[in-house]
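*Asks:* Here is a sequence together with a model predicted from it:
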Amino acid sequence: MAQNKPRHFLTLLDLSPAELQALITRATELKTLQAQGKNPALFENKVLGMIFEKSSTRTRVSFEAGMAQMGGHALFLSPRDTQLGRGEPIEDSARVLSRMVDMVMIRTFAHETVERFAAYSKVPVINALTDEYHPCQLLADIQTFTEHRGSIDGKAVAWVGDGNNMCQSYINAARQWNFELRIVCPPGFEPRADLLERNRDRIKLCKTPKEAVQDSDLVVTDTWASMGQEDEKKLREQAFAGYQVNAELMSHARSDALFMHCLPAYRGKEVSTELMDAPNAVIWEEAENRLHAQKALIEFLFTHHQA
Ligand code: CP
Ligand code: NVA
């Protein structure tokens, strides 16, 4: 049977700004429905394959619970227990898995791995974090900001810390949702130069955390050592000294500025213990919104195909 070509979600640029905005609105609608005990069974008979080559708490649980709540099922596939870990090519895995499941979610190291998988997949593929990007987290972050403060269009967002996969996803988000992104990283830890160059019109590289945070509407940070960088932990702690987000740094932001962190967080390192519990730290809701935003994403990918 002839099939339409699937849409994939490998970076935020795979959806148009209008599609992203509609998805955020839908995520909030689905959140309300769930609170009313009215989860629609939109994923009945659907199976999501979840390939995890790195650890996860939030991503695994939000995808798996989300599929179950909407009438579907999710399969956890670890390289330790599948042939992927024994060297079966990603292209072959994509061809086989996509004949059996209705959607695939992948968390891996090289971004190229999700691109290669998607190229051979008959079903939609979701990037659930690579070394380069974490677009699902941005759906939850933008949903959280919008629910608290309305549209993020034209707002100022400060990224303090590592120029990592989250920072690079914020760069794409700044383009798609039209906000100003001020980035401050220790020298040598900046995001990719080509991304900075391509998005020069809405990004500012700052010299100090204070400069980046000044009058911002949202302040965001992440761990100083991402998954796969465990050996650099000590070196990074030294390089990032002075980049902690705490009450003093937040005092330079707007008085109603929100604080976000994708989690897991390391208290006393990139964020102070007290800020994690501050009223403007919306991190637990941010984590919860992964569930709602990804339900909206899955629904979108099931219903939209490439022309
Ligand atoms: N924020 C996030 O993706 O968390 P996990 O690594 O626990 O999935
Ligand atoms: N930058 C972090 C995000 C974890 C959700 C990492 O890649 O480990």
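*Replies:* That came in fine, so what should we check first? Numbering: from 1, shown residues only. Ligands and ions are numbered 1, 2, ... in the order given.

*Asks:* any idea of the pLDDT on the closest residue to ligand 2 within the stretch 51-200 of the chain?
*Replies:* Per CB to the nearest ligand atom, residue 164 is where the stretch 51-200 of the chain lies closest to ligand 2, at 4.6 Å. Where you see a C-beta, it was placed from the backbone N, CA and C, and this is true even at glycine. pLDDT recorded at residue 164 is 98.

*Asks:* need the contact list for it.
*Replies:* 191, 222, 226 (CB atoms under 8 Å, 6 or more residues apart in numbering).

*Asks:* Among the residues you listed, pick out the one closest to ligand 1, please.
*Replies:* Closest to ligand 1 out of the contacts of residue 164 is residue 222 (8.8 Å), distances taken as CB to the nearest ligand atom.

*Asks:* I'd like the distance between the closest one and residue 40.
*Replies:* 33 Å (CB to CB, to the nearest Å).

*Asks:* Looking at these two, which one has more neighbours?
*Replies:* residue 222 (25 against 14; other CB atoms under 10 Å).

*Asks:* Who are the contact partners of the more buried one?
*Replies:* 161, 162, 164, 166, 167, 261, 262, 270.

*Asks:* Among the residues you listed, which one has the most neighbours?
*Replies:* residue 161 (27 neighbours).

*Asks:* ok, it - contacts?
*Replies:* Taking CB under 8 Å, 6+ apart, one finds 167, 184, 185, 221, 222, 224, 240, 243, 245, 270 in contact with residue 161.

*Asks:* just those that are near ligand 1?
*Replies:* Residues of those in contact with ligand 1 (CB under 6 Å from any ligand atom): none.

*Asks:* one step back: redo the contacts of residue 164 as JSON lines? Include secondary structure, pLDDT and distance to residue 197.
*Replies:* Below are the contacts of residue 164 laid out as JSON lines (DSSP: H, G, I helix; E, B strand; the rest coil; pLDDT from 0 to 100; distance: CB to CB, whole Å):
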{"residue": "191", "secondary structure": "coil", "pLDDT": "98", "distance to residue 197": "11"}
{"residue": "222", "secondary structure": "coil", "pLDDT": "98", "distance to residue 197": "22"}
{"residue": "226", "secondary structure": "coil", "pLDDT": "98", "distance to residue 197": "23"}
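
*Asks:* Those residues also near ligand 2: which ones?
*Replies:* By CB under 6 Å from any ligand atom, the members of the contacts of residue 164 lying near ligand 2 are 222, 226.

*Asks:* now, which of the contacts of residue 164 sits nearest residue 120?
*Replies:* residue 226 (27.2 Å; CB to CB).

*Asks:* Please look at the closest one and residue 163 and confirm they touch.
*Replies:* No. The pair residue 226 / residue 163 is not scored as a contact, 10.8 Å apart, by CB atoms under 8 Å.
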